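Visitor: A predicted structure for the sequence below; I have some questions about it.
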Amino acid sequence: MTRSPSALAVDQGALDDAVRSDAALRRFLHGLPGVDQVGAEARAAALSTRSIKTSAKAFAIDLAISMIDLTTLQGNDTHGKVRTLCAKAMRPDPHDASVPRTAAVCVYNDLVGQAREQLGDSGVKVAAVTTAFPSGRASLAVKLADTRDAVVQGADEVDMVIDRGAFLSGRYLEVFEEIQAVKQVCHENGADAHLKVILETGELSTYDNVRRASWLAMMAGADFIKTSTGKISPAATLPVTLVMLEACRDWRDATGRMMGMKPAGGISTTKDAMKYLVLVNETVGTDWLTPDWFRFGASSLLNDLLLQRQKMSTGRYSGPDYVTVD
Amino acid sequence: MPTPFEYAPAPESRAVVDIAPSYGLFIDGEFVDGTGGALKSINPATEEVLSEVAEASDADVDRAVKAARRAYTRVWSRTSGKDRAKYLFRIARLVQERSRELAVLESLDNGKPIKESRDVDIPLVAAHFFYYAGWADKLEHAGFGPDPKPLGVAGQVIPWNFPLLMLAWKIAPALAAGNTVVLKPAETTPLTALLFAEICQQADLPPGVVNIVTGAGETGRALVSHPGVDKVAFTGSTEVGKAIARAVAGTDKRLTLELGGKAANIVFDDAPIDQAVEGIVQGIFFNQGHVCCAGSRLLVQESIADELVARLKRRLSTLRLGDPLDKNTDIGAINSLEQLERIRHLAGVGDDEGAERWTADCDLPSKGYWFAPTVFTGVSQAHRIAREEIFGPVLSVLTFRTPSEAVEKANNTPYGLSAGIWTDKGSRILKMADQLRAGVVWANTFNRFDPTSPFGGYKESGYGREGGRHGLAAYLDVTGA
């Protein structure tokens, strides 16, 4: 039976055709099913009422810790700061060796070498933000040089930003080609850096845009799609993550390939993290419940998870002096 | 391979409710023994007997109606709107204060998941009382003339699917308009009505303004045919509704009926697909499909039917069926064995008629009454499962090609309570809503309720409206307006 030409029935052929021209790409992205704002927000809110207790909570806390990209992206970052952060990523709780290490440390690209050296072969990855993060307002040449710099210093993962200006003015192919070009740099000279594409959903403003930008990034070669830089409010939200996870799921249906997802910014409590994990569990399922395919971009989240973890093992709350400041 | 994320049991404590081993009737402000037999109310999730309640006899009903008449003549019809509002506001606040208790009791007696009784039923109950409390002193501005009068004593009979919410839909407007009431809750779910009686006492509501008589069909019949009743309001099956209409024919009783439905949930090819899937789930699996306005017929545009049904099935496999008191339960128990047998029977008819049955893969508890979420595809307009109200978690999927065909099929039913439209095109929503013969039409959502919005049916789904300003008309003498 031939499939009717519906926006739902996406396959590899349709994806190949879609990027042949600006017009084709526009047709494809605007042909994706719409997102009803009220409905998407209601679904995210409904899932956030799940009650995660006892064994489920213990499991989720450790899973969440293992998914963190422990992040510092400040103008006043120093080698000292990065050193502490790396130590914390490798051994989040100095008193408890059973706490899993975080997935990665995420820094500006001039600190990649330092982080690389600290983390050694611990298994904690180095992620670098590039492409004139957070605004992305630089020429392509500068963005590529920025990325190359990070990759050469040993970044395992590159977190790039899309050109939201180009996206919002409808120059989709330009955004697409820029992601492709960055992807190429990630693989230069035998390097194999994973590419996370930041959509900066707070600037895209509608869920329809979020869905379109997700597909655009996935088609251009993203390994992960990521919500936000953390520098713009709102950063990650549950409904935005829901819409992006649905895109990951539909992408796998269409291509058979997995797609990673990273909400970043504004996720600071254990309760928040539980809500995100429930969202993953019930939207895309178990396959995504691993740091290989789901990450949290966060800084203060880790300490709250550690406090909750201590509470679960000792039965009482300790306090902020029982986790380390970074 | 990642480890599955299993949710540990998260039961709401049932210690917050205190269920007496037996209950009498609430007449004239007090709990009194009935002179009839007794009924057992059971927890449909475990088949455990929760309590014994009185089965009101004709004499008990008579006593209740007389108490209501006395309270109407001597007290309530002379109470100012402002003071009636005071009592209604008080009741609304008490419902909020005791919401956890009410929610747990509702889930125990009815079988619905606690997340629904906690997040939907009980908040809407309080909202209804708040809303009509606001009207009580503003009736002259409601558009029914300068000084609209109450009708007198209202006899109200409600169903088991939303026990306390249906009570609120009946009692709040009646009291706001200045009537007194005798209400009969359903025989399988009387307990929250009896707790509500306690709330009336707590609110110092004058005795006789609200009377609760428990019992089965006979008690209901005695109430609606009692000559002292000025107004009959019924929510329930079309069959019983017709019998009531016959019983009050030729009397000067006013009557409103809110009966069955077989709503079409219409999904166009340009619908926001993920939200449409959610809406279909909300439409038919909310409250185990025990909803008169449930979207039990999915009408999907043929070009996206396969894709939509595949997505729907994937979503349904994530539904969590089980202990209604567990906070993570999505699908609770079927309210009674009788209802379970009716659902099984009609699903069997679907098989016999050649529709294709799909059932979500979930374990059913060994005790209690359960039915897994079920979808029938390949259903035609001629099938009984497309025409008869199943009142359970069973969806019939039909297809259409054009908007006019969708309207034709949606309207081709003796019912007309509700309908849903899913499309990204605003103009199409308006045009469809205009053509659908249904009392409530939802656009890009389903099963959303609000006290300000009138609710009621066309054709065999009944007449009269509940909710909003329209809901007041059912309890006021509006003939002169």
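Guide: The structure has been received and is ready for your questions.

Visitor: right, and the secondary structure at whichever residue of the stretch 201-350 of chain B sits closest to chain A would be what?
Guide: Residue of the stretch 201-350 of chain B nearest chain A, by CB to the nearest CB: B:Gln275 (3.0 Å). Bear in mind the C-beta positions are built from the backbone N, C-alpha and C, glycine included. Assigned with DSSP: H, G, I helix; E, B strand; the rest coil, B:Gln275 falls in the helix class.

Visitor: wouldn't it be in contact with A:Asp36 here?
Guide: Yes - using CB atoms under 8 Å, B:Gln275 is in contact with A:Asp36, at 4.1 Å.

Visitor: what sits in contact with each of those two?
Guide: B:Asn444 (CB atoms under 8 Å, 6 or more residues apart in numbering or on different chains).

Visitor: tell me which parts of the stretch 101-250 of chain B are close to chain A?
Guide: With CB under 8 Å from any CB of the partner chain as the criterion, the stretch 101-250 of chain B meets chain A at residues B:Lys115, B:Asp119.

Visitor: just the helices in the stretch 101-250 of chain B please.
Guide: With DSSP state H, counting those that start in this stretch as the criterion, the stretch 101-250 of chain B has helices at B:114-116, B:122-135, B:163-176, B:191-202, B:217-224, B:238-248.

Visitor: List the residues that contact residue 94.
Guide: Because you didn't say which chain, this covers chain A. A:Thr324.

Visitor: nope, chain B please
Guide: Per CB under 8 Å, 6+ apart, neighbours of B:Leu94: B:Ile199, B:Gln202, B:Ala203.

Visitor: Find me the pLDDT at it, would you?
Guide: As predicted, B:Leu94 sits at a pLDDT of 98.

Visitor: B:Leu164 now?
Guide: pLDDT at B:Leu164 comes out at 98.

Visitor: which one of the helices of the stretch 101-250 of chain B is the most hemmed in?
Guide: helix B:163-176 (a mean of 27; mean count of other CB atoms under 10 Å in any protein chain shown).

Visitor: Please list the residues of chain A that sit near chain B.
Guide: A:4, A:6, A:8-9, A:33-36, A:38-40, A:42-43, A:49-57, A:59-60, A:63, A:246, A:277-278, A:281-282, A:286-290.

Visitor: Please, where are all the strands along the stretch 1-150 of chain B?
Guide: B:22-23, B:25-27, B:30-32, B:38-43, B:48-54, B:149-150 (DSSP state E, counting those that start in this stretch).

Visitor: Need those strands in CSV (columns: mean neighbour count).
Guide: Output for these, formatted as CSV (neighbours: other CB atoms under 10 Å in any protein chain shown):
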stretch, mean neighbour count
strand B:22-23, 18
strand B:25-27, 28
strand B:30-32, 15
strand B:38-43, 19
strand B:48-54, 18
strand B:149-150, 20
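
Visitor: Turn these into a markdown table, including mean pLDDT.
Guide: Formatted as a markdown table, the strands of the stretch 1-150 of chain B follow (pLDDT from 0 to 100):
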| stretch | mean pLDDT |
| --- | --- |
| strand B:22-23 | 98 |
| strand B:25-27 | 98 |
| strand B:30-32 | 98 |
| strand B:38-43 | 97 |
| strand B:48-54 | 98 |
| strand B:149-150 | 97 |
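
Visitor: can those go into TSV with extra columns for distance to B:Arg90?
Guide: Putting the strands of the stretch 1-150 of chain B into TSV (distance: least, CB to CB, whole Å) gives the following:
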stretch	distance to B:Arg90
strand B:22-23	23
strand B:25-27	17
strand B:30-32	19
strand B:38-43	27
strand B:48-54	26
strand B:149-150	20
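
Visitor: how about these, which one is nearest A:Pro100?
Guide: Ranking the strands of the stretch 1-150 of chain B by their distance to A:Pro100 (criterion: CB to CB) puts strand B:38-43 first, at 42.3 Å.

Visitor: neighbouring contacts of the closest one?
Guide: Here strand B:38-43 has contacts from B:22, B:48-55, B:108-109, B:111, B:187-191, B:214-216, B:368, using CB under 8 Å, 6+ apart.

Visitor: what's the answer for stretch B:463-481, then?
Guide: With CB under 8 Å, 6+ apart as the criterion, stretch B:463-481 contacts B:128, B:132, B:135, B:139, B:142-145, B:148-151, B:154, B:169-170, B:173-174, B:176-179, B:231, B:233, B:254-258, B:439, B:449-457.

Visitor: can you tell me the residue of the stretch 101-250 of chain A closest to chain B?
Guide: For the stretch 101-250 of chain A, CB to the nearest CB, closest residue to chain B: A:Glu246, 5.4 Å.

Visitor: Which residue is the nearest non-sequential neighbour of that residue?
Guide: Nearest-residue entry for A:Glu246: B:Asp274, 5.4 Å, with adjacent residues in sequence omitted and distances by CB to CB, 6 or more residues apart in numbering or on different chains.

Visitor: List the residues that contact that neighbour.
Guide: Taking CB under 8 Å, 6+ apart, one finds A:Pro33, A:Val35, A:Gly39, A:Ala40, A:Arg43, A:Glu246, B:Arg311 in contact with B:Asp274.

Visitor: That'll do, ta.
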